[in-house]
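> How does the following fold in three dimensions:
(one chain, ligands or ions: 1)
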Amino acid sequence: MSPEAELIGRLERHGQGHLLRWWGELDDAGRARLAAEVAAIDLDQLDRLVAELVQADGTPAPPDDRVRPIDGVRLPQTDGERVAIRRAAGVGADAIAAGEVGVILVAGGSGTRLGFEGPKGTFPIGPVSSATLFQIHAEKIMALSRRHRRTIPLSIMTSPENHQATVDFLQANGRFGLDHVRLFVQGQMPAVDRATGKVLLASKDRVALSPDGHGGTLVALAAPGPGGTPSCLEEMREMGVRTLFYFQVDNPMVQIADPAFLGLHREAAAEMSFKVIERTSPGEKLGVVVRVDGRPQVIEYSDLPEQLAGRREPEGRLELWAGSIAVHILERTFIERLTGDLDHRLPFHRAIKKVPYVDESGKLVKPEEPNAVKFEQFIFDALPMAERWSVVETDRAAEFEPLKNAVGPDSPATVHQRMSDQFASWLEQAGARVPRRSDGSVPFGIEISPLYALDAAELKAKIEPGLVVDRAVYFR
Ligand code: UTP
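Okay, here's the model as predicted:
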């Protein structure tokens with residue numbers, strides 16, 4: 001059988017024969033491209049996903065009585081608890097200084113809600129400097145690395161759609177002076193029509209592909225590098241990196257490789273750890289870390305039944321308190337175990353999105369309403385597979401304000417304000433005076449480069465007490 005007939009037969013058997021509808025019109029290059037994209041789709045897996053996530057509603061949330069709050073290290077209230085956190089910070093600092101800590105930044109998302117041309121990491125977010133997200137993250141790593149006199153290797157996950165633009169941007173900026181930066185590319189999954197489960201065509205010779213979710217990080221870390229070079233995991237093993245700090249590109253306030261978090265993770269001998277914040281309202285858009293039948297698990301906010309989301313303690317706080325801010329620590333050996341064994345593959349979730357497609361008449365349609373299902377893996381699904389874990393609470397105002405939207409909540413405006421408020425509070429702790437509006441926010445931009453001060457304590461050593469800050473300022 002010719003390769004072409006074989007391809008047609010295979011697609012027909014899986015009900016996806018329409019993908020070759022324009023075959024007769026394509027030139028050789030178009031045919032080769034389409035054939036390669038189709039060959040990369042695991043059609044058996046796709047059949048299962050369509051049955052589970054398009055034709056059915058996915059895995060139902062567990063019944064209420066099996067879901068319990070997770071135990072975690074709460075924000076310290078007593079001197080004893082503060083001492084314990086300081087001790088943990090020492091353990092974490094030792095791990096960094098020993099070269100055992102690496103950093104994984106995931107930046108493969110499409111950033112559709114933000115609607116910015118280019119990778120989200122290149123968005124200028126500094127409230128005064130307009131520094132990009134990548135620059136702010138890189139400066140934190142540089143500052144931490146200087147403090148502990150040790151290189152902290154950074155691995156950045158991109159996707160085929162933004163890889164080259166990310167490479168070019170980092171190159172143009174001299175990789176922000178970091179010693180070790182490695183980019184690795186995540187996988188893609190086809191998008192399917194929401195009503196029929198048929199794979200969509202992005203053009204007559206292109207399948208509509210999109211990144212396979214931030215859970216794709218694990219498989220991508222284990223995949224061989226370009227030209228069969230060692231995978232990221234292999235390279236880390238050779239460098240003696242044991243513990244990986246994971247974060248997402250869109251939160252400029254993240255405390256990268258926070259030593260206290262690292263120390264608590266190590267003291268718990270955890271395989272995976274979560275930073276969380278206390279949920280303040282039932283509808284908050286955060287994954288919720290819970291126990292189901294005793295095992296830890298994250299339930300996406302969209303899958304959490306209203307009744308569970310709003311269940312309260314007698315004194316009024318939400319019982320399922322722990323909202324995940326997508327800041328994790330994973331042991332390298334844990335990822336090796338998960339990626340080495342098919343039984344430990346992360347499940348897929350469905351995301352219902354607007355995906356442009358070529359219709360039956362060959363016209364490109366830009367849908368007004370969500371028309372497609374994308375399949376994505378989520379990193380937090382690794383949690384139930386960890387033998388030991390830890391959950392650590394952080395202060396929302398200090399560490400979490402992601403950039404998701406162009407306007408409204410989680411937009412450049414809210415991020416600028418939150419960053420300025422946080423830096424104002426560092427200045428005040430150092431004895432400076434900063435005017436505040438009646439709601440406590442600062443009325444102008446304030447920014448402190450991580451290379452100037454990585455935290456309030458470092459700033460204190462550099463600021464004259466009594467300093468008055470009364471206009472926009474960038475400390476660098
Ligand atoms: P989001 O789920 O917020 O998606 O990703 P997004 O792509 O940034 O934005 P929308 O939903 O299209 O508007 C959270 C983080 O996970 C990364 C993103 O880059 C971001 O840092 N991510 C997401 C990936 O690296 N790969 C993916 O496939 C999805």
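> Strands along the stretch 1-150 of the chain, start to end?
Remark: strands assigned in the stretch 1-150 of the chain by DSSP state E, counting those that start in this stretch are 67-69, 101-106.
> Would you mind finding the most buried of the ones you listed?
strand 101-106 (a mean of 25; mean count of other CB atoms under 10 Å). The C-beta positions use only the backbone N, C-alpha and C, and glycine is treated the same way.
> That one packs against which elements?
strand 154-158, helix 216-222, strand 243-248 (3 or more CB pairs under 8 Å, 6 or more residues apart in numbering; DSSP states H and E).
> got the angle for it vs strand 243-248?
Using axes from the mean of the first three to the mean of the last three CA atoms, to 10 degrees, the inter-axis angle of strand 101-106 relative to strand 243-248 is 20 degrees.
> Average pLDDT for strand 101-106, rounded please.
Averaging pLDDT along strand 101-106 gives 98.
> Can you list the strands that that strand pairs with?
strand 154-158 (parallel), strand 243-248 (parallel) (DSSP bridges).
> Just the pLDDT at the closest residue to residue 280 other than its chain neighbours, thanks.
Counting by CB to CB, 6 or more residues apart in numbering, the nearest residue to residue 280 once its immediate chain neighbours are dropped is residue 318, at 7.5 Å. Per-residue confidence at residue 318 stands at 97 (pLDDT).
> cool, and residue 1?
67.
> Stretch 163-181 near the ligand anywhere?
No: for stretch 163-181, no contact with the ligand is found by CB under 6 Å from any ligand atom; the gap never falls below 10.4 Å.
> Can you give me every residue that contacts whichever residue of the stretch 1-150 of the chain sits closest to the ligand?
Relative to the ligand, the nearest point of the stretch 1-150 of the chain is residue 109 (2.2 Å; CB to the nearest ligand atom). Contacts were defined as CB atoms under 8 Å, 6 or more residues apart in numbering; by that measure residue 109 touches 120, 159, 211, 214, 248, 249, 250.
> Of these, which ones also sit close to the ligand?
Answer for these near the ligand (CB under 6 Å from any ligand atom): 120, 159, 211, 214, 248, 249, 250.
> from what I can see the second one touches residue 211, true?
It stands for residue 159. Yes: contact criterion CB atoms under 8 Å: residue 159 and residue 211 qualify, at 3.8 Å.
> Can you tell me the closest non-neighbouring residue to residue 359?
Per CB to CB, 6+ apart, closest to residue 359 is residue 365, 5.1 Å.
> what about the one you found, distance to residue 20?
Relative to residue 20, residue 365 is positioned 19 Å away (CB to CB, to the nearest Å).
> picking up where we left off before, okay if I get the strands of the stretch 1-150 of the chain as a markdown table plus distance to the ligand?
A markdown table is the format used below for the strands of the stretch 1-150 of the chain (distance: least, CB to the nearest ligand atom, whole Å):
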| stretch | distance to the ligand |
| --- | --- |
| strand 67-69 | 23 |
| strand 101-106 | 4 |
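> Need the contact partners of stretch 111-121.
So stretch 111-121 is contacted by 105, 107, 109, 123, 132-134, 137, 156, 158, 162, 165-166, 169, 249-250, 353-354, 403-406 (CB under 8 Å, 6+ apart).
> Just the buried residues of these.
Neighbour counting with 16 or more other CB atoms under 10 Å marks 105, 107, 109, 123, 132-134, 137, 156, 158, 162, 166, 169, 249-250, 353, 403-404 as buried within the contacts of stretch 111-121.
> Tell me who's in contact with residue 381.
Neighbouring residues of residue 381 by CB under 8 Å, 6+ apart: 215, 298, 346, 347.
> at 7 Å instead, please
Residues in contact with residue 381 (CB atoms under 7 Å, 6 or more residues apart in numbering) are 215, 346, 347.
> same question, residue 26
34, 204, 205.
> since we're on the first one, how many residues are nearby?
By other CB atoms under 10 Å, the residues close to residue 34 number 22.
> Tell me if I'm right that it and residue 202 touch.
No: look at residue 34 against residue 202 with CB atoms under 7 Å: they stay out of range, at 10.5 Å.
> thinking residue 307 is in contact with residue 63, fair?
No: using CB under 7 Å, residue 307 makes no contact with residue 63, being 10.4 Å away.
> Return the residues of the stretch 201-350 of the chain in contact with the ligand.
Within the stretch 201-350 of the chain, the positions lying close to the ligand (CB under 6 Å from any ligand atom) are 211, 212, 213, 214, 216, 248, 249, 250.
> Next, residue 187: phi, psi?
phi -80, psi 180 (degrees, to the nearest 10).
> Kindly reformat the strands paired with strand 101-106 as TSV containing mean pLDDT.
Shown next, in TSV, are the strands paired with strand 101-106 (pLDDT from 0 to 100):
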stretch	mean pLDDT
strand 154-158	98
strand 243-248	98
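> how about stretch 238-248: buried residues?
241, 242, 243, 244, 245, 246, 247, 248.
> Check the residues you listed and tell me the two furthest apart.
Greatest spacing in the buried residues of stretch 238-248, by CB to CB: 242 and 248 (22.0 Å).
> List the buried residues for stretch 170-185?
170, 176, 178, 180, 181, 183, 184, 185.
> Out of these, which comes closest to residue 386?
Nearest to residue 386 among the buried residues of stretch 170-185, counting by CB to CB, is residue 184 at 22.4 Å.
> Would you quantify the distance from that closest one to residue 461?
Counting by CB to CB, the gap from residue 184 to residue 461 is 38 Å.
> So residue 351 belongs to a strand, correct?
Yes: under DSSP: H, G, I helix; E, B strand; the rest coil, residue 351 falls within a strand.
> Okay, and the beta partners of it?
residue 374.
> For it, give its distance to residue 61.
17 Å.
> Check residue 100 too.
Counting by CB to CB - residue 100 and residue 61 are separated by 38 Å.
> Which members of the contacts of stretch 111-121 occur in helices, if any?
Among the contacts of stretch 111-121, DSSP state H puts 133, 134, 137, 165, 166, 169 in helices.
> Tell me which residues touch the fourth one, please.
So that's residue 165. So residue 165 contacts 118, 119 (CB under 7 Å, 6+ apart).
> same thing but at 10 Å, please
117, 118, 119, 121, 122, 158 (CB atoms under 10 Å, 6 or more residues apart in numbering).
> ok, so what distance separates it from the ligand?
The gap separating residue 165 from the ligand is 13 Å, by CB to the nearest ligand atom, to the nearest Å.
> What separation do you get for that residue and residue 189?
Note on residue 165: its distance to residue 189, by CB to CB, is 21 Å.
> Same check on the last one?
Taking CB to CB as the measure, residue 169 and residue 189 are separated by 25 Å.
> can you check the fifth one too?
In this structure, residue 166 and residue 189 are separated by 20 Å, where distance is defined by CB to CB.
> who's in contact with residue 272?
244, 246, 265, 296, 328-331, 334-335, 338, 379-380, 382-391.
> For it, list each beta-bridge partner.
Assigned bridge partners for residue 272, using DSSP bridges, are residue 330, residue 389.
> What distance do you get for it to residue 427?
36 Å.
> Kindly report the same for residue 51.
In terms of CB to CB, residue 51 sits 57 Å off from residue 427.
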